[in-house]
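Engineer: the amino acid sequence is not available; the structure is as follows:
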């Protein structure tokens, strides 16, 4: 067989999943699984659809998206994932952190899964074999939920230069909780500060947690990445304001609802990448051949109104480094 004909044959084989269904008059169906509610993440869903469009797919035109949102009830995720598998979707996009990704992983070993995780290391959590060679039926985007603790501590110390006691809030059910604590612990120790570790799960009442932080004379707080904290971000930011505890978060979503500052990646850019990866899978690329992508840029967002309410003067040098300032 001539080389050109062979390449053409390979190209046709790669496009077979979508082409075959088009010939049969069937529209490929994408399953979209998220741990939160759609009203909480409209920009994330929009970015996902934007990524799909970049790859040549439009919901309601040449693909159909079946949505399943757990609305913060993470125990529902396994059944929602199983429902999408029964629907025989072509690709399953699992967003909203490790709970949705692990539910999708448990539901199928054959349907391609494109994941988005910001609360765990996908390799340590057993989601993929490695970032470069994920193996199996899963690939996606890793948002590096951890490994930014020292930088967040540095920003907090610029905002609260006289801080002596720093707390870190983790969900002990999160597989990345202990690594997050150790990372922050090392940075706090190196800075000569005292660390208070406080834990909260889905069933935790946050008010006693913050009352305890006040009793321990905590000067600043680092909130680690976790879907539960994201789901309850309005409550968390309100409590930090009420108890006058300066806090830093991973996602800008916290700052937009009244939080002081955030440093990390953006969920919208990651979700767009999930959409483009889903498009590539629909065109025939195997998840095992798509490396797990990681962010190359981190965003600092500062809420000046929140800073003023806390009696903090934001240094001009920090403002100059901020990617977004909310006034």
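Structural biologist: Nice, I can see it. Source: prediction; values computed, not measured.
Engineer: show me the contacts for residue 155.
Structural biologist: Residues in contact with residue 155, defined by C-beta atoms under 8 Å, 6 or more residues apart in numbering, are 248, 261, 263, 300, 318. Bear in mind the C-beta positions are built from the backbone N, C-alpha and C, glycine included.
Engineer: report pLDDT for it.
Structural biologist: The model reports residue 155 with a pLDDT of 97.
Engineer: next, it: secondary structure please.
Structural biologist: When classified by DSSP: H, G, I helix; E, B strand; the rest coil, residue 155 comes out as helix.
Engineer: state the distance from it to residue 196.
Structural biologist: 18 Å (C-beta to C-beta, to the nearest Å).
Engineer: using a markdown table, lay out the contacts of residue 155 together with pLDDT and secondary structure.
Structural biologist: Below are the contacts of residue 155 laid out as a markdown table (pLDDT from 0 to 100; DSSP: H, G, I helix; E, B strand; the rest coil):
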| residue | pLDDT | secondary structure |
| --- | --- | --- |
| 248 | 98 | strand |
| 261 | 98 | strand |
| 263 | 95 | strand |
| 300 | 96 | strand |
| 318 | 97 | helix |
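Engineer: which one among those gets closest to residue 273?
Structural biologist: Residue 273 has its nearest neighbour among those in residue 263, at 19.9 Å by C-beta to C-beta.
Engineer: ok, the closest one to residue 296 distance?
Structural biologist: Residue 263 is 15 Å from residue 296, by C-beta to C-beta.
Engineer: of the two, who's got more company?
Structural biologist: residue 263 (25 against 6; other C-beta atoms under 10 Å).
Engineer: what segments of the stretch 1-150 of the chain are strands?
Structural biologist: 29-34, 64-69, 91-95, 113-117, 138-142 (DSSP state E, counting those that start in this stretch).
Engineer: relative to residue 213, which of those strands is closest?
Structural biologist: strand 113-117 (27.8 Å).
Engineer: direction included, what does the closest one pair against?
Structural biologist: Note on strand 113-117: by DSSP bridges, its sheet partners are strand 91-95 (parallel), strand 138-142 (parallel).
Engineer: most tightly surrounded among those?
Structural biologist: strand 91-95 (a mean of 29; mean count of other C-beta atoms under 10 Å).
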